[in-house]
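S.K.: Task: produce atomic coordinates for the following.
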Amino acid sequence: MKRFALQTKREGGLTTLAIFTVLGASLLCPSNAFASVRMYALWYPYTNSGQGAAVAHSGATIGGQFAVRVVVQPEQGEGTIVSASIIQQSIRELTNVHPVTSGQLAEFQRVDPNPQYGDPTGNVVVLESPFINLAGHNGTYQIDVTVSYVVATGNPPPNNWRTINPPPVSMTLTMNNLVLVDSRSEPYFVWKPLEVAPPPQPRNVLIEDPVPIGPTVPFSVQIQHAQSGVCTLRLEIFTSENNQTPILVKEFTNVPRPGVWQWEWDGKLADGTTAPRGIYLYRLSAEAYVPTLPDRDSNRSAFLESLRAYDENNEPILYAEYWGYDDKSTPEDESDDEHLYFVRWYVLRDSLNTNASSGRIWLFNPDLNPVYSWDMTALRCLEHNEATDGLRADSTGIKHGVIVPVPVSVMPLGGDYRFLLQVKDDHVAYEKAHRLKPALELNAKTPREALHIWLDGRTDGDIRSRVNWDKVAEAFFWLAGLPARVHREDTAGNREERYFGAPFFKVDYHALSDTQKRNSSKRTVIVQTRTSGQTTHPGATQEGKLSPENPAVSVISTWSVENFKPEGGDLRWGYTNAVIHEITHVVMDDDTHCSSASSCVWRERIRPYFYFGWGNLLQFVKPDGVRWQYWSPWHSLDEIVTMQRNLGVPPYRP
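M.R.: Numbers count the residues shown, from 1 in each chain. Purely as a prediction, here's the structure:
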């Protein structure tokens, strides 16, 4: 009888050795190398108490810990086996996803044969490795073992002992350990609690918080594992403003695996209050014991973090800074115009000194709907000389600040826009299921829109004395509850021109200086008076882009204010209400004048009541729950609520 060993190679790895035995005219092809040596694995399909180990043959899918057993039994006529040993062994992952290096199992020890595992009981040596745990990495593994054994032949010396070196044996095992598969493609969600307003209360009576009703936030996770048992699942919910400290932590024990876990969040926090509307992040993690060592997985990266940077006063930087307006050198065409926002500063920290694999910045509008996104590799980083390196990371943390060009067309609403930073790590070689995992996201809001009123005293010195600016501030700030500020310093920028429509005219004004621009924001207006021209209007406003670089300009018609003053009227009240009328243009996105009420400064024409203070007594409930009544220049609460919504502040209730 002759044996011929045939070795083949496939994809750089040694495949199973086939041994052909020629016996007469028959060609026998025993499986898995040499007939006298076979290999299998032991593992625990269940982690329930009292469940023993089971046999896994080559090609099986297993989970948890396993041990490799090599059964050596001489062929008939070779003699009685005396000893056996492993002279070479290796284990390697079969993958093209990342580079692979071969490892070794721990030292094999001789154990008793076990018929329950299919071991023969006579003339056999069984070698077993210690149980090992590959819970940290799933995949298909090839195990190669080379055995040498000694038999007693029964022949007289010196031929009474014989050493036999059969060809190597191989087997493959696919590890399927604990893996969480989230039902959401992105691990964040938008929470918009519905609210029911309480009934009207007497003035100065504190109203309890609105009662939230629906909706709920569903969570659903598929728990994959070749091994049956239970696990502990942990859910952490974060705000997108703070991805370091969870606002809610829930732990669920005895969750079956494999299986599907589901749960719904009603928006309640640990103290029983309802979470405010916003974008929320979450981390799901699970832990199982297989049967004694822990096996873990999470939907988040274990290596990469996106962190909020701090300013020179050690305060967290929560807002994206308005950086400017780009008209693309086509001032007549607004379709391609962009707002520029400076998203600063975020820090990427990776414990293995590896850059993020990808990243996007998502823009959410005030209704919390995603409206635009940018690939971070295309954004200029001002921290690094405008290099497009916004994904660089290391173990100490690399600080970035990128310029984000936002098309004007995607920002038509008033209120807070949010930039959500999302990055994924680059650790397929270390991640147990070869996944690119996201770090916890980070949110930077646009600065809340505020009404900034500037006085062009350099062009019009009388603008200071003609108007009661305290009353202007009182109307927009104290009454309407808007973030409003009257800047008492003169505008100090270059002298510029602004053209107005019908009736067509031109005004000169001083723009804001660079310092003044940094102290302003969107909804910027510069006010002056204009002495020429006869009109029934209180004035005129040319809105520009409402930005510090291209502000609205309001001119008050001195001819109208002084010509229409009734007997007994106060000229200063006339100018003050004319200014309030024009600035209402700046705050109102819907430029529809009130036409029915007889005492509203939002009327298109100047009226006698402009000169006698404010004539509309309004009652409303502020967000703090206290009922107020106030004399108003606007005729209804609807006018105030419209301005509040345009600037993204909580509206009053009737």
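S.K.: Which helix runs longest in the protein?
M.R.: Longest helix of the chain, by residue count under DSSP state H: helix 571-587.
S.K.: CA-only coordinates of the following helix or strand past that one in PDB, if you can.
M.R.: On the C-terminal side of helix 571-587, the closest following helix or strand by DSSP states H and E is strand 616-621. Extracted in PDB, the C-alpha atoms of strand 616-621 (Å, rounded to 0.1, in the frame of the first residue of the first chain):
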ATOM      1  CA  ASN A 616     -54.100  97.500  22.100                       C
ATOM      2  CA  LEU A 617     -54.500  95.700  25.400                       C
ATOM      3  CA  LEU A 618     -53.400  92.100  24.900                       C
ATOM      4  CA  GLN A 619     -53.600  89.200  27.300                       C
ATOM      5  CA  PHE A 620     -51.300  86.200  26.900                       C
ATOM      6  CA  VAL A 621     -49.400  83.400  28.800                       C
END
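S.K.: low-confidence ranges in this protein?
M.R.: Along the chain, the model assigns pLDDT under 70 to residues 1-35, 48-50, 135, 194-214, 414, 447-448, 502-503, 595-596.
S.K.: residues contacting residue 380?
M.R.: 386-388, 402-403 (C-beta atoms under 8 Å, 6 or more residues apart in numbering). For the C-beta atoms, the positions are set from N, CA and C on the backbone; glycine is no exception.
S.K.: With neighbour count and secondary structure as new columns, can those be given to me in TSV?
M.R.: Supplementary listing: those in TSV, determined by neighbours: other C-beta atoms under 10 Å; DSSP: H, G, I helix; E, B strand; the rest coil:
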residue	neighbour count	secondary structure
386	12	coil
387	12	strand
388	14	coil
402	28	strand
403	18	strand
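S.K.: Could you tell me how far the longest helix of the chain lies from the centre of the chain?
M.R.: Counting by C-alpha atoms, centre = their mean, to the nearest Å, helix 571-587 is centred 44 Å from the centre of its parent chain.
S.K.: Could you number the chain from 751 rather than 1 from now on?
M.R.: All set: I'll call the first residue 751, so the last point we hit is now helix 1321-1337.
S.K.: That one - contacts with which helices or strands?
M.R.: Under the contact criterion of 3 or more C-beta pairs under 8 Å, 6 or more residues apart in numbering; DSSP states H and E, helix 1321-1337 touches strand 1201-1205, helix 1213-1216, helix 1219-1223, strand 1274-1280, strand 1289-1292, strand 1302-1307, helix 1308-1313, helix 1387-1396.
S.K.: Report the separation between the residue located most distally from the centre of the chain and residue 824.
M.R.: For the chain, the residue at maximal distance from the C-alpha centroid (C-alpha atoms, centre = their mean) is residue 906, at 78.5 Å. Going from residue 906 to residue 824 by C-beta to C-beta, to the nearest Å gives 19 Å.
S.K.: Do a quick rundown of the strands in the stretch 1101-1250 of the chain.
M.R.: 1108-1114, 1120-1125, 1148-1157, 1168-1174, 1192-1195, 1201-1205, 1234-1240, 1245-1250 (DSSP state E, counting those that start in this stretch).
S.K.: So what's the residue count around residue 1365?
M.R.: Other residues within reach of residue 1365 by the criterion other C-beta atoms under 10 Å amount to 16.
S.K.: right, I mislabeled it, should have said residue 1268
M.R.: Counted with other C-beta under 10 Å, the neighbours of residue 1268 add up to 12.
S.K.: Helix, strand, or coil at the residue nearest to it when sequence neighbours are not counted?
M.R.: Sequence neighbours aside, residue 1298 is the residue nearest to residue 1268 in space, at 7.8 Å (criterion: C-beta to C-beta, 6 or more residues apart in numbering). Using DSSP: H, G, I helix; E, B strand; the rest coil, the structure places residue 1298 in coil.
S.K.: Kindly list the main-chain dihedrals of the residue farthest from the centre of the chain?
M.R.: For residue 906, the backbone dihedrals (degrees, to the nearest 10) come out as phi -70, psi 150.
S.K.: Could I get the contacts of residue 1130 in a markdown table, plus columns for distance to residue 1206?
M.R.: Shown next, in a markdown table, are the contacts of residue 1130 (distance: C-beta to C-beta, whole Å):
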| residue | distance to residue 1206 |
| --- | --- |
| 1136 | 35 |
| 1137 | 41 |
| 1138 | 41 |
| 1152 | 35 |
| 1153 | 31 |
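S.K.: Return the closest of these with respect to residue 845.
M.R.: Distance to residue 845 across the contacts of residue 1130 (C-beta to C-beta) is lowest for residue 1138, with 31.3 Å.
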